[in-house]
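In: Just need the structure, nothing else, for what follows:
(chains A and B)
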Amino acid sequence: MRSIHVVSVKRLRRSRGTILILFAVLFAVFGAAIALVLDVGWSYAVARRAQSAADAAAMAAVSKAINQTASTGTPTCSTVGCQAAGACPTTGNLSVACQYAKQAGFVEGGDGGRQTVRVAADAGSAAPSAPYVDVDYWVQVTATQNVPAWFGGLVGNPSLTPTARATAAMRRTPVNLSIDLLNRTNDCFVSLIGLGLVCGEDLLMLGVNTIQTEMGIHMASSNGPGLGLPKIATGTVVLAGNVTAPYTRIMGKGEIQNVGLAGWTPPPQNGFPDGEMFADPMAGKGQPPAPTGLPDHPVPGGVIVGNLLSGTPLVLPPGNYYATTPVLPLLGSSPTGLPVTVLGNVIFSDGATTPCGGFCNYVFYGGLVTGALSSVTFAPGRYVFAGAQPVSGGPGTALTIGANSKVQDLTPLVGGQATRNTDAGEIFIFTDGNYPGLTLPVSLASSGLSFPQARAGVMAGVFPQITLHGLNSSNSAVPANLRPFAPVLFWQDQHNTTLKYTPQGNIDLSCGGICNNILSVPGSQEMVLQASQVGGQAGTNLYGTIYGPRGAYLTVLGVLPGDTVAGPLQIISGALQMTLNSSLKLKELQNPPSQVSAVLIN
Amino acid sequence: MRKVVRKPGERGNVVLETALVFVPTMFLFMGLIEVSRGMWMYHTLASAVKTATRYAIVHGETCTSASAECQITVADVTKVFQQRGLGLDTSAVKFSLVAGGSRLTCETIAACAMDPTAWPPAPNNLKGQPVELQAQYRFGTVFWPFGNTGFVFNARAQESIQF
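Out: Alright, predicted model coming up:
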């Protein structure tokens, strides 16, 4: 017989709500778990967005500062924005920080007052988060957002505040390269050595050529091998080329095409991404300014006859030099637009022991030619070669040196080699009559003559001796506005290229891409450098930097085996072409130019 | 006193019903908590990897050229990962650092935390070159019925060296 179980109602009532309590406890635990996942996860996501915003903002503010200080050099708090941590100002480079932060979703007081964007900046002091790094200027951006902890609030944690901080800085870094070739895959030019249109060429060695460098080589084209013109490999070696460099770095899939016997030690490395590594080191600096207020020196008959019997050179004082017709009684003379020719022994100087107080200024309209067996000395200073008349439809040449002649400055070779100069050095600016800041002499301006773009650099007859030294920023005689360009020796105008540059020295991208530049004289994007030899040693000995813009190219001319360009020298150009029997022996430059860049340092 | 009379077949019903409901409910709740915990671990892992990668990209060749103090090691990167990875069971993390052709893998965080190797290493520390961090986290839970290997969470971050 089954028994009947009797339970009191009171006991049952005592049991009521047990499940409810159980569920309440479990729900609290469940809520806490959700709080961790959703609130913390959301705060992580916000923190990442904040970091992106801070990074972009800091970099933008410093990049803007670089543009602002391109012409003035080192930034100060009077030229760029400086402040303790606070909201963005409404103007100046620091305002750009907040514009970029806004693009990334962060605004001071944004998201219902939950966001903050704080900017701190200073010039000349160490960055607070990376005091071990020398910087000219730094900007630190801190982005925060108060994230309501919807679920966390249930367990007593009402909000989280993810914070991100980024510090960017303006730094000047030495460009420790021997050869820096800037042309990219789609940069094209018509090569004057018979190849026609070529695109993406950085290096062409055509003949029996040697390159030896103590520093590295960078090449910015990412063209693979192939000779399907106009596209050409990053580097092409025809016949017998030999390259020895500590390293060769090529952008992307760029490679060297060998046609013949070639050696490259160690082999080039490619795969490097686009970026600062392949940027124009002179970007953002503008161009070296032209001299102003110089006296005019018309040259009747276009010829200056120096001392033909060696001995004391004829002193040619600073000024504007241009050729005129011979002076005729009553009729006078008129400009011809042709080169000025110097014969014999001359010196460009004012004749003082320290010429021109350490730095002279000259402008040559129409080009300069030195006669055979002449000896021409350039005192430290700025030499502007403002155009030359075209020859057979091609460009004229800015500076031509006669056979067996000498071109030198006041720093002699040591042991047959160029060494660092202590004087101010020289800068040769190869341009035309329209160079910014250049004022044509009245008689030239009224003559109707033009001084169009010319071939930059130095062409010479056989066995020239060329010894020159670039600007020395350690010498106080160098004008302040030329110091950012030290140790440039040859400067090819940024208008002598098929790519358009802005006045600030950057590639003009205002056309929705790279803007084209139409050359007034086809082929004038070429710069030449004469290789030579004396007694079995290099005859062209240079110290400094040879600069040509992206899209232009430098041709090293050598004829006889052993013709060499040597010295502590750096070549920056769109492309480099070695012809016939030319050699480069490039030593380390002790005071290389600085590249100004914006970097994220912390 | 009111009495509720239960028939003989109803004895133990409450216990039985409670057992039938409570056990799956507990599994449900515990499952939710474990999934939540797993997601938390994953978010933490991803955030830690991202933070450590960003730390590495501002200590490249340019930085070390500027100052020897800027040189960091695998241990330094790992430390940043650990600081950001609060709550992670470090013994369950497998950590890999990749820079160009260089790859370094630690079976546990403890191994990396003692590694004095410079990171990112030359020549793969140049500005613009990619740096990558990969982390595997073995998430152990009692609710995974297929052995004690747990779930494996993967997190990866890649950025270009900035400095």
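In: quick one: pLDDT of the closest residue to residue A:199 other than its chain neighbours?
Out: Leaving aside its chain neighbours, residue A:199 sits nearest to residue A:188 (4.0 Å; criterion: CB to CB, 6 or more residues apart in numbering or on different chains). Where C-beta positions appear, they are placed from N, C-alpha and C, glycine not excepted. Looking at residue A:188, its pLDDT is 90.
In: what does residue B:3 give?
Out: 63.
In: show me what contacts the closest residue to residue A:495 other than its chain neighbours?
Out: The shortest distance from residue A:495 to any non-neighbouring residue, by CB to CB, 6+ apart, is to residue A:517 (6.5 Å). Counting by CB atoms under 8 Å, 6 or more residues apart in numbering or on different chains, residue A:517 makes contact with A:495, A:497-501, A:551.
In: lowest-pLDDT helix or strand in chain B?
Out: Using mean pLDDT, DSSP states H and E, the weakest-scoring helix or strand in chain B turns out to be strand B:3-6, at a mean of 62.
In: circling back: thought the residue nearest to residue A:199 was touching residue A:499?
Out: No: taking CB atoms under 8 Å as the definition, residue A:188 is not a contact partner of residue A:499, at 9.8 Å.
In: The two: who's more crowded?
Out: Each of residue A:188 and residue A:499 has its neighbours counted (other CB atoms under 10 Å in any protein chain shown); residue A:499 has more, 23 against 18.
In: Now the more buried one: phi and psi?
Out: Dihedral angles of residue A:499 (phi, psi; degrees, to the nearest 10) stand at phi -100, psi 140.
In: Who does it form a beta bridge with?
Out: residue A:516 (DSSP bridges).
In: Now do the host helix or strand of residue A:467: everything it contacts.
Out: Using DSSP states H and E, residue A:467 maps to strand A:465-469. Residues from elsewhere that reach strand A:465-469 (CB under 8 Å, 6+ apart): A:378, A:401, A:405-409, A:411-413, A:418, A:420-421, A:423, A:425-426, A:428, A:458, A:460, A:489, A:530, A:532, A:534, A:539-544.
In: Remind me what the helix ranked longest in chain B packs against, helices and strands.
Out: Using DSSP state H, we find that the single longest helix of chain B is helix B:13-57. Counting contacts by 3 or more CB pairs under 8 Å, 6 or more residues apart in numbering or on different chains; DSSP states H and E, helix B:13-57 packs against helix A:18-34, helix A:41-68, helix B:74-84, strand B:130-139, strand B:151-160.
In: which parts of the longest one are buried?
Out: So that's helix A:41-68. Neighbour-count burial for helix A:41-68 flags A:41-44, A:46-66, A:68 (criterion: 16 or more other CB atoms under 10 Å in any protein chain shown).
In: These also near chain B: which ones?
Out: Contacts with chain B within the buried residues of helix A:41-68, counted by CB under 8 Å from any CB of the partner chain: A:41, A:44, A:47-48, A:51.
In: care to break chain A down by domain?
Out: Residue ranges for the domains of chain A, per automatic domain parsing: A:18-174, A:280-290+A:302-600.
In: Buried deepest among those domains, which one?
Out: Here the criterion is mean neighbour count by mean count of other CB atoms under 10 Å in any protein chain shown, and of the domains of chain A the winner is domain A:280-290+A:302-600, at a mean of 21.
In: Span of that one from start to end?
Out: In domain A:280-290+A:302-600, first residue to last residue: 19 Å (CA to CA, to the nearest Å).
In: What is the distance between that domain and the centre of its chain?
Out: The chain centre lies 19 Å from the centre of domain A:280-290+A:302-600; the measure is CA atoms, centre = their mean, to the nearest Å.
In: before we move on, what about stretch A:138-150?
Out: 36 Å.
In: Establish whether that stretch and chain B are in contact.
Out: No: shown here: stretch A:138-150 not in contact with chain B (CB under 8 Å from any CB), separated by at least 12.2 Å.
In: For that stretch, output the C-alpha coordinates as CSV.
Out: C-alpha atoms of stretch A:138-150 as CSV (Å, rounded to 0.1, in the frame of the first residue of the first chain):
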residue,chain,number,x,y,z
TRP,A,138,58.3,67.6,-31.8
VAL,A,139,54.5,67.3,-31.5
GLN,A,140,52.7,65.0,-29.1
VAL,A,141,49.1,64.3,-29.5
THR,A,142,47.0,62.6,-26.8
ALA,A,143,43.5,61.3,-27.8
THR,A,144,41.1,60.0,-25.2
GLN,A,145,37.5,59.0,-25.1
ASN,A,146,35.4,58.3,-22.2
VAL,A,147,33.6,55.0,-23.0
PRO,A,148,30.4,54.5,-21.0
ALA,A,149,30.5,51.0,-19.5
TRP,A,150,26.9,50.1,-20.0
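In: tell me the mean pLDDT for that stretch?
Out: Per-residue pLDDT over stretch A:138-150 has a mean of 91.
In: Stretch A:336-350 now?
Out: Taken as a whole, stretch A:336-350 carries a mean pLDDT of 96.
In: For it, output the C-alpha coordinates as PDB.
Out: Provided in PDB are the C-alpha atoms of stretch A:336-350 (Å, rounded to 0.1, in the frame of the first residue of the first chain):
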ATOM      1  CA  THR A 336      75.000  88.200 -78.100                       C
ATOM      2  CA  GLY A 337      73.600  85.500 -75.800                       C
ATOM      3  CA  LEU A 338      76.700  83.400 -76.600                       C
ATOM      4  CA  PRO A 339      79.000  81.900 -74.000                       C
ATOM      5  CA  VAL A 340      81.800  83.800 -72.300                       C
ATOM      6  CA  THR A 341      85.200  82.300 -73.200                       C
ATOM      7  CA  VAL A 342      88.100  82.700 -70.900                       C
ATOM      8  CA  LEU A 343      91.700  82.000 -72.000                       C
ATOM      9  CA  GLY A 344      94.900  81.700 -70.100                       C
ATOM     10  CA  ASN A 345      95.200  82.000 -66.300                       C
ATOM     11  CA  VAL A 346      92.300  83.600 -64.600                       C
ATOM     12  CA  ILE A 347      90.700  83.600 -61.100                       C
ATOM     13  CA  PHE A 348      87.100  84.400 -60.200                       C
ATOM     14  CA  SER A 349      87.700  86.500 -57.100                       C
ATOM     15  CA  ASP A 350      87.900  90.000 -55.900                       C
END
